[in-house]
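A.B. asks: Got a predicted model here, sequence first, then my questions.
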Amino acid sequence: MVKNSAAVKKRNEFFREFRKSKMLILMALPAIIHVFVFSYLPMGGIVLAFKQFRYAEGIFGSPWIGLENFRFLFISGQAWNITKNTLFYNFLFIVANTFLQIALAVFLSEMIGKWFRKITQSLMFLPYFISWVIVGSIAYNLFNYEHGALNSLLGFFGAEPLDIYNNPSYWPWILVLFNAWKGVGYGMVVYLAAIVSIDSEMYEAAEIDGANIFQRIRHITLPGILPTFVILTLLAVGGIFRGDFGLFYQLIGDNGVLRERTDIIDTFVYRALTQTSEIGMAAAVGFYQSVMCFIFILLTNWIVKRVQEDYALF
Amino acid sequence: MKMTNDKLLFNAAGYIAVTVFSVLCLLPFILVISSSLTSETYIIQNGYTLIPQDISLEAYRLALKNPAAILKSYGLTIFVTAVGTALSVFLCTMTGYVLQRKDFLWRNKISFYLFFTMLFNGGLVPWYILIVQYLHMKNTVFALFVPSLISVWNILLVKGFMRGIPYEMTESAKIDGAGDFHIFISIILPVSKPVVATIGLFTALMYWNDWFASLLFITNPDLYTLQYFLYRLAGSVQALRMVMDKAGIVVDTLPVESMKMALTVIVTGPIIFLYPFVQRYFVKGLTIGSVKG
């Protein structure tokens, strides 16, 4: 009897809250449904990774093949190559962008010349505004072998033209450069906001005590932006298994020559999905990526929690 | 303010670094514009240049001669951006409001339900198959804005912002007998302008620049949004020739190289033009968002 009444009480509580908050529930319902359809339902499609997909039979009719897809991907070395590239590039991106964002933000926060600061900040934020398609067009303008601006410039100085699109060794540099070009302005604004919120009295006190500008930056500014740095870097590292599809796809496209050096998980999955009939394999790589991302987010959050509780995401 | 040696060195270094990076940010745009204004023959012989040489408007003339395709794409993109942004902002702010209502017992469960999708998802393949095979959205305008309508990140942003709105405002309205939706629309929204503006701007930019949805779901040229339109045309001489041919333009001696750049300018132009006016709102939005953490 006691057990029953506890369950009954819980059910009554449920219906009471339902009746009381009917309107609120209704207001949240569209988002709940949308997320269910577009985020939770696809999770069910993960079974595809363990099947050999046939369009005619749909997701549930296709035959199970267990870990075959994964075995093939890992033994053939493909999974390792795209993982290596994804991690390698993301690591470079995080380091390069963070360094530039902080350096430029520190400069902008302390430099004299209001108009200069305003105009340059606008200029540096501009690349964030355009799409990767436009950037791809710009890259074409620069690197095209016959007509590119780079080769015209080299020709002007009497140097040999460079065949950028056929030479994988240039591309780590190019990718880091373009990624920084597009993203630094955005991050710089975030760091600038953090710097501006530091108490200016601390700077004045330090200046009175005889600290020069470099010392003030080292002892006040940098520690002051530490929370922002930790959060942004934590978010970035948590996403280290996820690449920027736009960057890689628009700049490199379907270039087979560059593939081994620049193929990341996201471009691999896209190609497998749209150009091959290996849907199960594509799903397997996607699942692998989602799992690794999940593990990494939990891991980085746990590490940060141990270091400084308030900085953690959850 | 006294200029000491250390300040001098710092400003010198700063001016150099900031100027270099800013010029690098601007240069590519100048390159593209100049290339679009240079004659095709000059480009074939000498390549794209920083300063327009042998100035010719031929590329623009041809690209705009029969502007039907471009105009259609513009119209579609404006529609998708307007509708998508309005719906998305409305739903995200409404949900954010619900989730910060202290008197709503289920808010934490629902918050976690939404937040979990930021940690884990099913990947591209199931999402694609769902939209194409089960929702039958392929080559429909819905594929362009419906899948990205809800941004959990934005919902959390709104929730954080609205926590700063005194609960007394809701409470007193409830005592007066107002319904929750009415409270949301007439009391909460008007004081939430900053966060609404912020997510509105970023959502609009996302929709305007999107080409991934078109890449995956659209094969009908009538449904090309601007960025995808540019990607198809500038990325493939064949595609460019086909569109020009359909527009009734002789394709044998098409100034392909300068047209690629002209099309880029035509597609990007308006947003670059708008940029000086709207950029400070983006910056402001980012600043508010980041200070709140």
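C.D. replies: Looks like it came in fine.
A.B. asks: helices or strands next to the helix or strand harbouring residue A:142 in the packing?
C.D. replies: Residue A:142 is located in helix A:132-143, with elements delineated by DSSP states H and E. Helix A:132-143 is packed against helix A:149-156, helix A:171-196, helix A:245-252, helix B:5-37, helix B:226-235, helix B:256-291, with contacts defined by 3 or more C-beta pairs under 8 Å, 6 or more residues apart in numbering or on different chains; DSSP states H and E. For every residue, glycine as well, the C-beta is placed using N, CA and C.
A.B. asks: from the chain's centre, how far out does that helix sit?
C.D. replies: Taking C-alpha atoms, centre = their mean, to the nearest Å, one finds helix A:132-143 lying 21 Å from the centre of the chain it belongs to.
A.B. asks: Please parse the chain into its domains.
C.D. replies: By default, I'm working from chain A. Taking automatic domain parsing as the domain assignment, the record places the domains of chain A at A:2-50, A:68-311.
A.B. asks: sorry, should have said chain B
C.D. replies: The record's domain parsing of chain B by automatic domain parsing lists B:1-56, B:62-291.
A.B. asks: Helices along chain B, start to end?
C.D. replies: With helices called from DSSP state H, chain B shows them at B:5-37, B:40-46, B:58-65, B:68-99, B:107-119, B:124-129, B:152-162, B:167-175, B:180-183, B:193-209, B:212-217, B:226-235, B:237-246, B:256-291.
A.B. asks: sorry, back to before: of the helices and strands packed on helix A:132-143, which is nearest residue A:207?
C.D. replies: Residue A:207 lies closest to helix B:5-37 among these, at 10.2 Å (C-beta to C-beta).
A.B. asks: now the closest one against helix B:58-65, angle please.
C.D. replies: For helix B:5-37 and helix B:58-65, the angle between their directions (axes from the mean of the first three to the mean of the last three C-alpha atoms, to 10 degrees) works out to 70 degrees.
A.B. asks: picking up where we left off before, what about the helices of chain B, which gets the closest to chain A?
C.D. replies: The closest of these to chain A is helix B:124-129. By C-beta to the nearest C-beta, the value is 2.5 Å.
A.B. asks: And for the closest one, what's in contact with it?
C.D. replies: A:38, A:41-46, A:48, A:59, A:266, A:269-270, A:273, A:279, A:282-283, A:286, B:121, B:147, B:216 (C-beta atoms under 8 Å, 6 or more residues apart in numbering or on different chains).
A.B. asks: mind checking which helix or strand of the chain has the lowest mean pLDDT?
C.D. replies: Since no chain was named, I'll use chain A. Taking mean pLDDT, DSSP states H and E as the measure, the helices and strands of chain A show their lowest mean at helix A:58-61, namely a mean of 82.
A.B. asks: was after chain B, sorry
C.D. replies: Taking mean pLDDT, DSSP H and E as the measure, the helices and strands of chain B show their lowest mean at helix B:237-246, namely a mean of 82.
A.B. asks: Give me the distance between that helix and the centre of its chain.
C.D. replies: In terms of C-alpha atoms, centre = their mean, the gap separating the centre of helix B:237-246 from the centre of its chain is 27 Å.
A.B. asks: Please apply the same query to stretch B:210-230.
C.D. replies: Relative to its chain's centre, stretch B:210-230 lies at 14 Å (C-alpha atoms, centre = their mean).
A.B. asks: With stretch B:268-277 instead?
C.D. replies: Mean-position distance between stretch B:268-277 and its chain equals 12 Å (C-alpha atoms, centre = their mean).
A.B. asks: in it, what's buried?
C.D. replies: Judged by neighbour count using 16 or more other C-beta atoms under 10 Å in any protein chain shown, the buried positions of stretch B:268-277 are B:268, B:271, B:275.
A.B. asks: can you map out the helices along the stretch 1-150 of chain A?
C.D. replies: When secondary structure is read from DSSP state H, counting those that start in this stretch, the stretch 1-150 of chain A shows helices at A:2-20, A:22-35, A:41-44, A:58-61, A:68-75, A:78-110, A:114-129, A:132-143, A:149-156.
A.B. asks: Can I get the second one in PDB? Just the C-alpha atoms.
C.D. replies: The C-alpha atoms that make up helix A:22-35 are tabulated as PDB, following Å, rounded to 0.1, in the frame of the first residue of the first chain:
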ATOM      1  CA  LYS A  22       0.200  24.100 -19.400                       C
ATOM      2  CA  MET A  23       1.000  27.400 -21.200                       C
ATOM      3  CA  LEU A  24       4.700  27.300 -20.500                       C
ATOM      4  CA  ILE A  25       4.900  23.700 -21.700                       C
ATOM      5  CA  LEU A  26       3.100  24.700 -24.900                       C
ATOM      6  CA  MET A  27       5.500  27.600 -25.400                       C
ATOM      7  CA  ALA A  28       8.500  25.300 -25.100                       C
ATOM      8  CA  LEU A  29       6.900  22.500 -27.200                       C
ATOM      9  CA  PRO A  30       8.000  23.700 -30.700                       C
ATOM     10  CA  ALA A  31      11.700  23.600 -29.600                       C
ATOM     11  CA  ILE A  32      11.200  20.300 -27.800                       C
ATOM     12  CA  ILE A  33       9.700  18.800 -30.900                       C
ATOM     13  CA  HIS A  34      12.200  20.300 -33.300                       C
ATOM     14  CA  VAL A  35      15.100  19.000 -31.200                       C
END
